[in-house]
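Q: Provided below for reference: sequence and predicted model.
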Amino acid sequence: MSFFLQMVLSGLMVGGVYSLVAIGFVIIYKSSKVINFAQGQLLAFGALIVWSFVHFCNLPLWLGGLLAAVCMALLGTIIEHLTIRPMTGQPLMAVIVMTIGLATLFDSLMPCLFGADEKSYPKVLPTGGLNISELSVSYEYLCAFLTALGMVGIFLYFFHRTRIGLSMRAVSDGHDVARSCGIKVGSIFSWAWAIAAITAMVGGYLLGNIVSVSASMTSIGLSVFPVVILGGLDSIMGCVIAGPIVGILEMLAVGYADPITEGGAGEVVPYIIILLTLIFKPFGIFGEEHIERI
């Protein structure tokens, strides 16, 4: 039982980071109805930028992270202006293929810029962890979970209490209605991509502290996408709840199935979640069902 609870606790910690990164998916989809398949690449790219500021510029970790957030916000805005905005009015599939092309571009670019070897951040947390009865949580997992939880809270406040956040919610209800209210829809698209890039960067940094930093972190996007599908493509609260669910199931597969299958079970679980969700709940747990009447 203690091993089971340990796996659940670890999955909960990682799932919190998944929720944060998944918010980027949902923000872009809610504003422009585009599924960004390059979110995993933005995660790895952001984590590598943080490492570059710290390693090459000898900056403190907090300052490197702050500068990386600014760089990622600019990068998200540039991506939206140069690749997504010119696709306005084009078929949705063409825009989705554009995001796949962006993912391929980043996959090729990152090894050239940062190298293919694994890297690590300087240690800022003490070794060991927090002991709760028979359970133990490393400080890296705990810090990642608490930081992700705080960031999710900040974004929820942003969406519900700030002018830009309310404008983004208005745009998600309909572009024409938003324009009639004087909202600049194009600017909201830029904000959506900037925020998505920042959430990806923060998630990449938190996960990089747990494992290592490299271009192969793009595979984490495959674990985050099931969070979006399970929670609902247009539901931020769905991401918050679905993230821990996916994280727990993934860690349970690693703990119980990996010894039997000799590895790889944890990587299969996200695909199983996607398939089951699309079969039984295509719009996700909290997603809004769209019914077309003829």
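A: That came in fine, so what should we check first?
Q: can you pull out the strands in the stretch 1-150 of the chain?
A: Ranges of strands in the stretch 1-150 of the chain, per DSSP state E, counting those that start in this stretch, are 129-132, 135-138.
Q: which stretch among those comes nearest I100?
A: Closest of the strands of the stretch 1-150 of the chain to I100 is strand 135-138, at 35.4 Å (criterion: Cβ to Cβ). For glycine as for every other residue, the C-beta is placed from the backbone atoms N, C-alpha and C.
Q: pLDDT wise, what is I273 at?
A: On the pLDDT scale, I273 is placed at 88.
Q: quick one: contacts for the residue nearest to it when sequence neighbours are not counted?
A: In space, and not counting its chain neighbours, I273 is closest to P226: 4.2 Å by Cβ to Cβ, 6 or more residues apart in numbering. Counting by Cβ atoms under 8 Å, 6 or more residues apart in numbering, P226 touches 242, 246, 270-271, 273-274, 277.
Q: Just the pLDDT at P226, thanks.
A: 89.
Q: Which helix or strand contains it?
A: helix 220-231 (DSSP states H and E).
Q: picking that back up, kindly reformat the strands of the stretch 1-150 of the chain as JSON lines containing distance to H81, mean pLDDT and mean neighbour count.
A: As requested, the strands of the stretch 1-150 of the chain are exported to JSON lines (distance: least, Cβ to Cβ, whole Å; pLDDT from 0 to 100; neighbours: other Cβ atoms under 10 Å):
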{"stretch": "strand 129-132", "distance to H81": "44", "mean pLDDT": "78", "mean neighbour count": "11"}
{"stretch": "strand 135-138", "distance to H81": "41", "mean pLDDT": "82", "mean neighbour count": "16"}
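Q: For D117, find the nearest of these.
A: strand 135-138 (23.9 Å).
Q: re earlier: now render the strands of the stretch 1-150 of the chain as JSON lines, adding distance to V8.
A: Formatted as JSON lines, those follow (distance: least, Cβ to Cβ, whole Å):
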{"stretch": "strand 129-132", "distance to V8": "12"}
{"stretch": "strand 135-138", "distance to V8": "9"}
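Q: between those strands, which gets nearest to G15?
A: That would be strand 135-138 among these, by Cβ to Cβ, at 13.4 Å.
Q: Can you list the strands that the closest one pairs with?
A: strand 129-132 (antiparallel) (DSSP bridges).
Q: and the partner strand, C-alpha only, in CSV?
A: Taking Å, rounded to 0.1, in the frame of the first residue of the first chain, the C-alpha atoms of strand 129-132 are listed here in CSV:
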residue,chain,number,x,y,z
GLY,A,129,12.9,15.3,0.6
LEU,A,130,9.9,15.7,2.8
ASN,A,131,8.8,12.7,4.7
ILE,A,132,5.1,12.2,5.3
